[in-house]
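Engineer: Make a model of this:
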Amino acid sequence: MDKIILSGDRPTGKLHVGHYIGSIKRRVELQNSGEFKKIFIMVADAQALTDNMENPEKVRQNIIEVVLDYLACGIDPKKSTIFIQSMVPELTELAFYYMNLVTVSRLQRNPTVKAEIGLRNFENSIPVGFFTYPISQASDITAFKATTVPVGEDQLPMIEQTREIVRKFNSVYGETLVEPEALIPQEDAAKRLPGTDGKSKMSKSLGNCIYLSDDADTVASAIKTMYTDPLHIKVSDPGHLEGNTVFTYLDAFSRPEHFAEYLPDYNSLDELKEHYTRGGLGDMKVKKFLASIMEETLAPIRARRAEFEKDIPAIYEMLKESCEAARNEAANTLSEVKNAMRINYFDDVELIKSQADRFHNK
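Structural biologist: Numbering: from 1, shown residues only. Model (predicted):
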């Protein structure tokens with residue numbers, strides 16, 4: 001079976017370094033590995049509207065921001081199909097059929113849905129579209145016959161629900177859909193990068209993000225105020241690594257060669273950590289080291305983004321062509337699904353003939 005990837009992001013803002021470490025960097029590696037026949041990357045605007053329906057302009061404006069970030073990070077439209085979810089209406093029709101295979105109680109038990117409801121304080125006012133998102137996601141994944149879906153661990157319940165829908169559909173209507181596998185980050189640092197304030201999640205509303213498009217001064221300023229160890233008051237005090245955001249970022253971004261380049265007093269991150277924990281190493285020195293690493297990482301991304309920004313109409317033209325290609329793929333799957341469900345009335349020659357014979361012989 002051909003290996004196919006589907007992944008994507010909600011266009012509710014520019015992408016930040018958490019997105020980069022958690023998914024985009026890995027997507028670029030997978031794209032360039034030659035291991036996958038097709039790669040689909042979805043700008044999930046329809047999903048974003050489930051909790052932004054009264055502010056569609058927010059979603060509309062951020063589609064281009066997300067795509068620019070994709071391109072700047074190395075997503076190549078010649079290797080990956082970047083498309084906008086709402087431009088593929090076949091996804092909505094597939095989701096409508098899948099709704100009949102899932103109970104309300106099953107959706108209510110989905111841990112990811114429960115967590116997101118709590119995060120957004122929806123309680124009893126949850127929009128139906130948001131509540132049924134696991135079904136919509138199953139439509140997105142199966143429409144492109146994705147075998148592999150790169151996700152964080154918090155999204156595993158969503159993938160399992162897709163797998164359940166696939167198994168249910170195939171058991172009722174015959175083998176039609178492909179059951180996907182989740183691909184989760186192997187490195188702990190990539191699983192969830194905290195905000196600069198030490199909160200568990202980067203959030204625009206919390207003001208704790210470092211965006212991929214931020215200039216060098218903005219990034220340096222964010223790192224200067226980054227949460228460390230509140231008990232590490234004097235340089236001589238022993239420092240703690242647990243919950244120390246600066247070291248979490250170093251785990252995610254630093255490489256051995258960075259020490260020779262920016263901090264030659266140490267040979268490795270382990271050496272730096274050992275000195276910090278025994279005392280005698282100030283937070284500002286570590287933050288300055290991190291700022292140098294982040295600038296090395298983000299400067300080329302920022303430069304490529306600036307180049308792509310020079311011809312925005314060309315970006316929209318690329319998206320239009322990619323959406324058409326994605327729609328063709330989804331239409332093929334939808335046709336197979338309707339055939340399996342025997343709702344392909346006008347294509348079923350035998351049905352038409354049998355009905356004609358039935359009425360002729362009345």
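
Engineer: For burial, what's the neighbour tally of residue 299?
Structural biologist: 13 (other C-beta atoms under 10 Å). Quick note: C-beta positions are derived from backbone N, CA and C, even for glycine.

Engineer: Give me the nearest residue to it, chain neighbours excluded.
Structural biologist: residue 216 (7.2 Å; C-beta to C-beta, 6 or more residues apart in numbering).

Engineer: Would you mind confirming that the one you found makes contact with residue 296?
Structural biologist: No - the pair residue 216 / residue 296 is not scored as a contact, 10.6 Å apart, by C-beta atoms under 8 Å.

Engineer: show me where pLDDT drops low in the stretch 101-250 of the chain?
Structural biologist: Counting by pLDDT under 70, the stretch 101-250 of the chain has low-confidence residues at 119, 123-124, 187-191.

Engineer: change it to 90
Structural biologist: For the stretch 101-250 of the chain, applying pLDDT under 90 flags the ranges 104-105, 107-131, 133, 151-157, 184-193, 199-207.

Engineer: what are the ranges of the strands in it?
Structural biologist: 148-150, 181-183 (DSSP state E, counting those that start in this stretch).

Engineer: could the ones you listed go into CSV alongside mean neighbour count and distance to residue 67?
Structural biologist: CSV is the format used below for the strands of the stretch 101-250 of the chain (neighbours: other C-beta atoms under 10 Å; distance: least, C-beta to C-beta, whole Å):
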stretch, mean neighbour count, distance to residue 67
strand 148-150, 20, 18
strand 181-183, 15, 22
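
Engineer: So for residue 115, which of the ones you listed sits nearest?
Structural biologist: Of all the strands of the stretch 101-250 of the chain, it is strand 181-183 that lies closest to residue 115, at 16.9 Å by C-beta to C-beta.

Engineer: what helix or strand is the nearest residue to residue 173 once chain neighbours are set aside on?
Structural biologist: Spatial nearest neighbour of residue 173, chain neighbours left out: residue 340 (4.0 Å); criterion: C-beta to C-beta, 6+ apart. Assigned by DSSP states H and E, residue 340 falls within helix 312-341.

Engineer: roughly how far out does that helix sit from the chain middle?
Structural biologist: 20 Å (C-alpha atoms, centre = their mean, to the nearest Å).

Engineer: Tell me which helix or strand comes right after that helix.
Structural biologist: Following helix 312-341 in sequence order, the next helix or strand is helix 349-360 (DSSP H and E).

Engineer: okay, the strands of the stretch 101-250 of the chain in JSON lines with distance to residue 323 next?
Structural biologist: Output for those, formatted as JSON lines (distance: least, C-beta to C-beta, whole Å):
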{"stretch": "strand 148-150", "distance to residue 323": "20"}
{"stretch": "strand 181-183", "distance to residue 323": "25"}
